[in-house]
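>>> After the sequence you'll find the predicted model.
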Amino acid sequence: MKKNMGILDTKIRVAFAVVIAILYFTGTISGFYGIVILAAAVLLVLTGLVRFCPLYALFDFNTLKK
């Protein structure tokens, strides 16, 4: 996996995932859709940590500065 995400993109993904986690654990979002959204937040964190987005690779998009 070749990195295809820049620092800003990574920070935005992780921040968005943190907001989702806070909303879930405070009960603002709950139920089945809450779990689905929380799973999406986990994927955002994982892609942010490895700095590789499969969708970016699929569409040949790159936010990483060389």
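Done, it's in. Numbering: from 1, shown residues only.
>>> mind checking the SS state of Lys2?
Secondary structure, DSSP: H, G, I helix; E, B strand; the rest coil: Lys2 is coil.
>>> How about the one 3 residues further on?
At Met5 the chain is in coil, as set by three-state DSSP.
>>> Kindly provide the distance from it to Leu23.
Here Met5 is placed at a distance of 24 Å from Leu23 (C-beta to C-beta, to the nearest Å). (Each C-beta comes from the backbone N, C-alpha and C, glycine too.)
>>> where do the helices sit along the chain?
In the chain, helices defined by DSSP state H lie at 7-25, 31-50, 54-58, listed in chain order.
>>> Show me what the second one is packed up against.
Same thing as helix 31-50. helix 7-25 (3 or more C-beta pairs under 8 Å, 6 or more residues apart in numbering; DSSP states H and E).
>>> then the helix it packs on to CSV, C-alphas only?
Provided in CSV are the C-alpha atoms of helix 7-25 (Å, rounded to 0.1, in the frame of the first residue of the first chain):
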residue,chain,number,x,y,z
ILE,A,7,-1.4,15.3,6.7
LEU,A,8,-4.4,17.6,6.5
ASP,A,9,-6.6,14.9,5.1
THR,A,10,-5.5,12.5,7.9
LYS,A,11,-6.2,15.1,10.6
ILE,A,12,-9.6,15.8,9.2
ARG,A,13,-10.5,12.1,9.1
VAL,A,14,-9.3,11.5,12.7
ALA,A,15,-11.1,14.6,14.0
PHE,A,16,-14.3,13.6,12.3
ALA,A,17,-14.0,10.1,13.8
VAL,A,18,-13.5,11.6,17.2
VAL,A,19,-16.7,13.7,16.8
ILE,A,20,-18.6,10.6,15.8
ALA,A,21,-17.3,8.6,18.7
ILE,A,22,-18.3,11.4,21.1
LEU,A,23,-21.8,11.6,19.6
TYR,A,24,-22.2,7.8,19.9
PHE,A,25,-20.9,7.5,23.5
